[in-house]
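> can you look at this prediction? I've put the sequence above it.
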Protein chains: 4
Amino acid sequence: MAKKSADLTYKSYLGLETLLEAQHPLSEAHDETMFIILHQTYELWFKLILFELDRVQKVFGAKSVPDSDLRLVSASLSRSVNIMQLLVRQLDIMETMTPLDFLDFRHVFRSASGFQSMQFRELEVRLGLRHDDRVGYDGKSFENFLPSEDRDALHRIMKKPALVDQVSAWLARTPFVEMGGFSFWKAYRKAVVDMIANDRDAISKSKRMPQAAREAELAKLKNMQLQFDQLFGEGGGEPLPWRFTKPALQAALLINLYRDQPALQVPFQILNSLMDLDELLALWRYRHALMAQRMLGTKMGSGGSTGHDYLAATASKHRIFKDLFALSTFLIPRSKLPKLPKHVEERMGFKYWDKAEDAA
Amino acid sequence: MAKKSADLTYKSYLGLETLLEAQHPLSEAHDETMFIILHQTYELWFKLILFELDRVQKVFGAKSVPDSDLRLVSASLSRSVNIMQLLVRQLDIMETMTPLDFLDFRHVFRSASGFQSMQFRELEVRLGLRHDDRVGYDGKSFENFLPSEDRDALHRIMKKPALVDQVSAWLARTPFVEMGGFSFWKAYRKAVVDMIANDRDAISKSKRMPQAAREAELAKLKNMQLQFDQLFGEGGGEPLPWRFTKPALQAALLINLYRDQPALQVPFQILNSLMDLDELLALWRYRHALMAQRMLGTKMGSGGSTGHDYLAATASKHRIFKDLFALSTFLIPRSKLPKLPKHVEERMGFKYWDKAEDAA
Amino acid sequence: MAKKSADLTYKSYLGLETLLEAQHPLSEAHDETMFIILHQTYELWFKLILFELDRVQKVFGAKSVPDSDLRLVSASLSRSVNIMQLLVRQLDIMETMTPLDFLDFRHVFRSASGFQSMQFRELEVRLGLRHDDRVGYDGKSFENFLPSEDRDALHRIMKKPALVDQVSAWLARTPFVEMGGFSFWKAYRKAVVDMIANDRDAISKSKRMPQAAREAELAKLKNMQLQFDQLFGEGGGEPLPWRFTKPALQAALLINLYRDQPALQVPFQILNSLMDLDELLALWRYRHALMAQRMLGTKMGSGGSTGHDYLAATASKHRIFKDLFALSTFLIPRSKLPKLPKHVEERMGFKYWDKAEDAA
Amino acid sequence: MAKKSADLTYKSYLGLETLLEAQHPLSEAHDETMFIILHQTYELWFKLILFELDRVQKVFGAKSVPDSDLRLVSASLSRSVNIMQLLVRQLDIMETMTPLDFLDFRHVFRSASGFQSMQFRELEVRLGLRHDDRVGYDGKSFENFLPSEDRDALHRIMKKPALVDQVSAWLARTPFVEMGGFSFWKAYRKAVVDMIANDRDAISKSKRMPQAAREAELAKLKNMQLQFDQLFGEGGGEPLPWRFTKPALQAALLINLYRDQPALQVPFQILNSLMDLDELLALWRYRHALMAQRMLGTKMGSGGSTGHDYLAATASKHRIFKDLFALSTFLIPRSKLPKLPKHVEERMGFKYWDKAEDAA
């Protein structure tokens, strides 16, 4: 915290003397100033996202998460999503520069590169990107491109719990999955089995369907069954490569399916924001890849891979919350959903109704 | 320019050590960090707009403006427009803060306020906002709220030529307005007179039009005539309060009307970008006003005016290029336009065609 | 609902044969097609906003609002906000047309005008814009410009409950404002009185503050007190012109102040979305006003007011949820908030904790 | 053109009676209306893009392109770019729907799919996407999913000249590439050869560079040389797979390098807009892919590929103007550019300067 002062001005409060003197172009090229300022704003926003993430991780890192803290999580995630949307949009400004203008000063960077943005690396790690899931660059780990002190700092961060695992632990504690004799997982499995059996029956009996169509439909159903078998750990196929623990997955599914229940509305929003964030990071990487291609053409790095290829690969591979996306595979229509037992549904509501009824 | 160095890193190039240490919240309120970073990015972008304006003003400040410099002007203005769009959008992030969250730390500012953003003041002045055209705040000039050194700095800037006047001077030199015996202004006036006479004739003779409609149409026409009389300095009415000189206005009209001619395409884009910029500044002020109302309610300042009212007033009164907007009043349909004489139209084209024809 | 069909295609499902044949330019002007399509997309989106509003009003129109329905309201409002943001952005496309291009075909409209968009009028009325609060155009009610059948239709809509009044009624039923001996209003008033007294005391006793500053601070405080007196209906000043009923206002304030409580999180989001919507409508009108000025200049209508002036006036006067904005005036810092009694706070929580504790 | 009429209203002009009755949901699901309207607006905007493309192709399809027509091309392309940005943004609205909500009605489509959007297919074909360059779906050509009449219509469109080829032909006619004894290509090749030789020399002689760094730099240079050899058709390597003809490529490079010359400013903007369009189509496909993953999970189609995989593949493979991106590979710094001979540079200017000089 800065020293409070009677003569605080706008300038001193925002540290503008420092901030507005921190642009040091290394060439005479007009567009280098834009390039520097654009990257500086990126870094300022990254700092803010990390700051919001601090709050989110502090809440999720606690032994238990009071419901009144969930609004804080939701607010911090929404803000981060909003910032990421801005950052995607902000690339428009980069593209007011032409490749020829970029060529005027890109030699000054030498080996310096956006690769070395420690805040972005920290963000990836804290969200939950694991070292082994990273795409290599020129066949090497990206760490080779970092100064050793940064590498060490990153290793320290890697040792702390990642958000994805904290979320998994929080989900796993959701009480409604097993409550007073009700097992959501059993009920869900039964609903799926019934649904598939009914569908198979209907298709087989359908007289209007031509033979080829019938077979195609049955093949699809078979396929669906295999996927559900994997989900339920049956049929002997390989288990699905989930990142969440099994109880967390079950809770995430339950939250998606019964999100209208008061106790699940904010948790549902949180899962949604996590997907937004994951998607926007992918989109940002992809736009970045397109821009790299435009600025640099297909000029190859020494080892053969281009910035474009690397960035496009990270867009599809550096996904953190893909479990949440994969869950859509296992949703079943609302009409087929197991109805919650009254004693479970009631406890998803607010206490004040009790008394309201008392009063009535 | 910074010292070139073999060990340049991303961090040192962008001055991140300074930049990411320049946030000094004065309270424990969570949202103050967002508030600071958001304003810092605003100031960084303002710096860039001023930097682009340097280039624009340098070109327009020269005695003559080579056509090859116009792309630079156009590029700098487009970039500034793009940035202003981002800045309007960026207020979304401010609105992820609620009024109650703001209340947690707004006492720390005391008399410090966005009012004191010197870069924004500089931008206004350099574009051409005149001291006397400014909306007062609490009945006082905004200068009362500036530290005296800033006030002096601003006065120095006010003495330099403003963009709007540079543009006016540049427009006034447009060769095609008077060229080899052709007077655009005479030709245009004749076209207007003919158009109004024809329209009056047609309305008067129209048999199908009911009397009331006829009178309404004639009243509109009369009105239009009065406006054109003012434009042409006839009829004894008050002259219109233009900021541009008369030759500049004539040229701006010509550029709007014949913008498809090769020599006018880029000048037309430049006028368009100036309107975009003016409009976006108004929009930014207006969104700002809405946000102030949301954050602060209708709580009054000591003198009675609220931030919202002040900002909304600046949105409509602090316009710089309103002449360009007003010109739309005086456009006439393409079908009524005076045809350019061949010797004028030819000189609006490129030289290479001459030779191309030679060759043929 | 359309007939289900085995040969449903993308084209038939979306009614593309009709939709893509519904553009009928009345001139040869190139840009008229853009003008038509742009307005058609506006109307399609308005239809969707009205459809979402149906759901919102259905929920709020019910005698009591189950908490599980609040997610539907919140979802429909968020979607509407998202659409309104798009509609503001969409004006960018209109501005790819120049005033001269518009002049090529604007004569075809005759008296037809965006004024006559019945869906937009319906939206205004259903949100809660009252006839007497409307800005006139050329000194006449806007209804004069509508065909009589549309006027009648609008009058029928006016007779139905508006959203703003439904929200007011819903808020007024919030149980926590008076609960088991706790009166929020009394507690709040006491907190305000104490806060002002303390502040006055601190200012009076402050030795470091110069006399002039002290007086200014005391004047501000006096002002604040007067405003709170009006809120609490004391001091004999004029009552504030609230649209909400008094119990609704109290509840809205309570929701803002204690929004972290589980039972208030979604209600708080709903109030927030209503403010977003109100703000975006104002912003849309204002951008519209700027665009009208750009396209039409300052050409006057027969009665003297321009489209720009009218639209800018509606931006500031056609506000529906201004009570929610005004509430910010009456927020007090969290540290001064009355602490909720335990029995009230508990009932803002979820039921499942009871049992969780039982189990422990 | 519609019949002009004295009783034209807003409603009749826009065909609202038809338009607002063209939504026919096939289920009771709330979100189906959003789904329909969103797709309808997409189709309306596609219609407009195709309409703008008509104008662009008409200009480029002519034997010669008058410079005064280039503004029309530039305006139509800018507008299309603006629309595509909106369409990317518009997916935000789709994502206000959750996967479970989608599940409520996605069974109604049966085999109908966005795949069948004929306007989008037409857009792809007219821009220049070739049948053989298309990504297959489930191992089949996408045509298998079209009704036969649509397939035939598409084949007719395929026979007409595509924009990419028209642009190539227009570029190939650029006069400055060979003009009065000046050969741009020869001059450029010499500049490249000199640049590489100088760089090699500088690296070899550098004493401060460690051996390993020197070798890496030399390897990069070698690589660059190989690429330029391919460009110039030397060294016996495989020719690069350009879509443009050789003269078109040379002209595109010249326009990029000398874009400040008056005669090249608008052509440069046009090339830039074509890249914007190509990039935005890729971005739109990619966001679409992310959305498909979110809505549908990883549920497999009968043949094994998912919508997500297909769409992501089209984002990277269905690029039309990649030659323009690849050109960045072959730009050389401004300081190394061959200076244009005076007689060429002069002819890139405007005629009016001649006379201006005459007059002086």
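Structure's in. What do you need? Numbering: from 1, shown residues only, chains lettered A, B, ... in the order given.

> looking at chain A, which helix or strand is least sure?
Across the helices and strands of chain A, mean pLDDT, DSSP states H and E gives its lowest value to helix A:352-359, namely a mean of 57.

> can you give me the neighbour number for the closest residue in space to A:R151 that isn't next to it in sequence?
Spatial nearest neighbour of A:R151, excluding adjacent residues (C-beta to C-beta, 6 or more residues apart in numbering or on different chains): A:E143 at 5.3 Å. Heads up, the C-betas are built off the backbone N, CA and C, glycines and all. Residue neighbour count, defined by other C-beta atoms under 10 Å in any protein chain shown, stands at 14 for A:E143.

> look up how far D:R243 lies from the residue of the stretch 1-150 of chain A found nearest chain D.
Residue nearest to chain D within the stretch 1-150 of chain A: A:P99 (4.0 Å; C-beta to the nearest C-beta). Using C-beta to C-beta, to the nearest Å, A:P99 is found at 19 Å from D:R243.

> for the residue nearest the centre of chain A, what is the enclosing helix or strand?
By C-alpha atoms, centre = their mean, chain A has its centre lying nearest to A:D278, at 2.7 Å. Here A:D278 sits within helix A:262-296, counting by DSSP states H and E.

> buried residues, whichever helix or strand comes after that helix. List them.
Downstream of helix A:262-296, the next assigned helix or strand under DSSP H and E is helix A:307-317. Neighbour counts using 16 or more other C-beta atoms under 10 Å in any protein chain shown place A:G307, A:H308, A:D309, A:Y310, A:L311, A:A312, A:A313, A:T314, A:A315, A:S316 of helix A:307-317 among the buried residues.

> stretch A:337-354 now?
A:L337, A:P338, A:L340, A:V344, A:E345, A:R347, A:M348, A:G349, A:F350, A:K351, A:Y352, A:W353.

> count the neighbours of the nearest residue to the first one once chain neighbours are set aside for me.
Taking C-beta to C-beta, 6+ apart as the measure, A:L337 lies nearest to A:L257, with 5.9 Å between them; neighbours along the chain are not counted. Residues lying near A:L257 (other C-beta under 10 Å) number 23.

> run a quick check on A:L257 versus D:L100, I expect a contact.
Yes. With contacts counted by C-beta atoms under 8 Å, A:L257 reaches D:L100, the gap being 6.7 Å.

> just for chain A, where's the confidence low?
A:1-6, A:237, A:299-305, A:353-360 (pLDDT under 70).

> strands along that one, start to end?
Using DSSP state E, the strands of chain A run over residues A:178-179, A:182-183.

> which strands and helices sit next to the first one?
This points to strand A:178-179. When contacts are defined as 3 or more C-beta pairs under 8 Å, 6 or more residues apart in numbering or on different chains; DSSP states H and E, strand A:178-179 sits against helix A:342-347.

> for the helix it packs on, packing partners?
strand A:178-179, helix C:352-359.

> pick the most deeply packed of the strands of chain A.
Highest mean neighbour count among these (mean count of other C-beta atoms under 10 Å in any protein chain shown): strand A:178-179, with a mean of 17.

> can you pull the contacts of A:A153?
Contacts for A:A153 (C-beta atoms under 8 Å, 6 or more residues apart in numbering or on different chains) come out as A:M118.

> A:V65 and A:W170 touch, don't they?
Yes. At 5.8 Å, A:V65 counts as touching A:W170 under the criterion of C-beta under 8 Å.

> out of those two, which sits in the more crowded spot?
Neighbours per residue (other C-beta under 10 Å) separate A:V65 from A:W170, with A:W170 holding more: 21 against 17.

> tell me the contacts of A:A292?
A:T306, A:G307, A:H308, A:L311.

> hmm, 6 Å instead?
A:A292 makes contacts with A:G307, A:H308, A:L311, as judged by C-beta atoms under 6 Å, 6 or more residues apart in numbering or on different chains.

> nearest residue to it other than its sequence neighbours?
Per C-beta to C-beta, 6+ apart, closest to A:A292 is A:G307, 4.0 Å.

> chain A against chain C: which residues are in contact?
Residues of chain A found near chain C (C-beta under 6 Å from any C-beta of the partner chain) are A:67-68, A:71, A:175, A:260, A:262-263, A:265-266, A:347, A:349-352.

> and with 7 Å instead?
Contact residues (C-beta under 7 Å from any C-beta of the partner chain) of chain A with chain C: A:67-68, A:71, A:175, A:259-263, A:265-266, A:346-352, A:355-356.
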